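Q: Whatever this is, show me its structure:
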Amino acid sequence: QVQLIESGGGLVQTGGSLRLSCAASGGTFSTSDMGWFRQGPGKEREFVGAIRWSVGGTVYANSVKGRFTISRDDAKNTVYLQMNSLKPEDTAVYYCAARWYDGTVRTLSNPAYDHWGQGTQVTVSS
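A: Numbers count the residues shown, from 1 in each chain. Predicted coordinates for the structure are as follows:
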């Protein structure tokens, strides 16, 4: 059974940094796509960024490009979201998600991920 456990959220001031972790288990993640999404108060869930584990290719939402970086640790089956220059509008619950190729070609930003973590709260104070 696939499990995704996020950690690393918290309260930070504007301009600060946080690193979120997504510890994955129960699957062969070396062949997966791993995505990060967020849902702010009163907002719909939105794409933040994603990584294609096998090749390390990443894609980011325009709102976080240049500030956020996704990386992976193969030995730990963990994906990270390094968030720098945080802004109050980055306040949200952050979720990681995973999927494997099922015969349908999807871009990394496509929200059709099959497995989701429980989320971790990030709050950026002004």
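Q: Low-confidence regions, this protein specifically.
A: Within the chain, no stretch has pLDDT under 70.
Q: now the most centrally placed residue in it: how far from Lys87?
A: Geometric centre of the chain, nearest residue: Trp36, 2.1 Å, by CA atoms, centre = their mean. According to CB to CB, to the nearest Å, Trp36 and Lys87 sit 16 Å apart. All C-beta atoms are positioned from the backbone trio N, CA, C, and that covers glycine.
Q: residues in contact with the residue nearest to the centre of the chain?
A: Trp36 is in contact with 20, 22, 47-50, 70, 79, 81, 94-97, counting by CB atoms under 8 Å, 6 or more residues apart in numbering.
Q: Quickly find the element holding it.
A: In the assignment (DSSP states H and E), Trp36 maps to strand 32-39.
Q: what helices or strands is the following helix or strand past that strand leaning on?
A: Later in the chain than strand 32-39, the nearest helix or strand by DSSP H and E is strand 46-52. Under the contact criterion of 3 or more CB pairs under 8 Å, 6 or more residues apart in numbering; DSSP states H and E, strand 46-52 touches strand 32-39, strand 57-60, strand 68-73, strand 78-83.
Q: tell me the most buried of the ones you listed?
A: strand 32-39 (a mean of 23; mean count of other CB atoms under 10 Å).
Q: All set now, cheers.
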